[in-house]
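In: My questions concern the predicted model and sequence given below.
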Amino acid sequence: MIKPSIYYILAFDTTDSVMAAEARLKDRFLITIMPVPREISTGCGLAIRFREPDEDAILDFLDSSSLDGALYKMNTKKIDGKHPIERIR
């Protein structure tokens, strides 16, 4: 399997939100709970990483759900010591 050059992270303000999102997402996507990268600042130290970079499917699901997380696209390669990151939603 080829390692993707980008991945998507859903960050939340509370641990309860992360746990609720995991319950809804795990049957639809390959996900992992991970520490929030330092490039992202949130009130909670946990985030959900989507292991398959299918932005359209992720956005479609988030648009039809009530999840309140912030979605980020992060590059797997560091530039100037940091992972380039872009807030998507």
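Out: Thanks, I have it.
In: Residues touching the longest helix along the chain, excluding its own?
Out: Secondary structure assigned by DSSP state H gives helix 15-25 as the longest helix of the chain. Here helix 15-25 makes contact (C-beta atoms under 8 Å, 6 or more residues apart in numbering) with 10, 12, 31, 33, 44-48, 61, 65, 67-69. Every residue, glycine included, has its C-beta placed from N, CA and C.
In: Near residue 48, how many other residues are there?
Out: Using other C-beta atoms under 10 Å, residue 48 has 23 neighbouring residues.
In: That one and residue 33 touch, don't they?
Out: Yes. Taking contacts as C-beta atoms under 8 Å, residue 48 lies within contact range of residue 33: 6.0 Å.
In: thinking again about what came up before, top of the contacts of helix 15-25 by number of neighbours, please.
Out: residue 10 (25 neighbours).
In: That one belongs to a strand, doesn't it?
Out: Yes. Assessed by DSSP: H, G, I helix; E, B strand; the rest coil, residue 10 belongs to a strand.
In: and the gap between it and residue 81?
Out: 24 Å (C-beta to C-beta, to the nearest Å).
In: ok, now residue 51?
Out: Counting by C-beta to C-beta - residue 51 and residue 81 are separated by 25 Å.
In: From the chain's centroid, how far away is the longest helix of the chain?
Out: 12 Å (C-alpha atoms, centre = their mean, to the nearest Å).
In: Not counting its own residues, what contacts the first helix or strand past it going along the chain?
Out: Remark: after helix 15-25, the chain's next helix or strand is strand 31-35, criterion DSSP states H and E. Contact with strand 31-35 is made by 9, 18, 22, 25, 45, 46, 47, 48, 49, 50, 51, as judged by C-beta under 8 Å, 6+ apart.
In: Tell me the helices and strands packed up against the helix or strand following strand 31-35.
Out: Where DSSP H and E defines the elements, the next helix or strand beyond strand 31-35 is strand 46-50. Using 3 or more C-beta pairs under 8 Å, 6 or more residues apart in numbering; DSSP states H and E, the elements in contact with strand 46-50 are strand 6-11, helix 15-25, strand 31-35.
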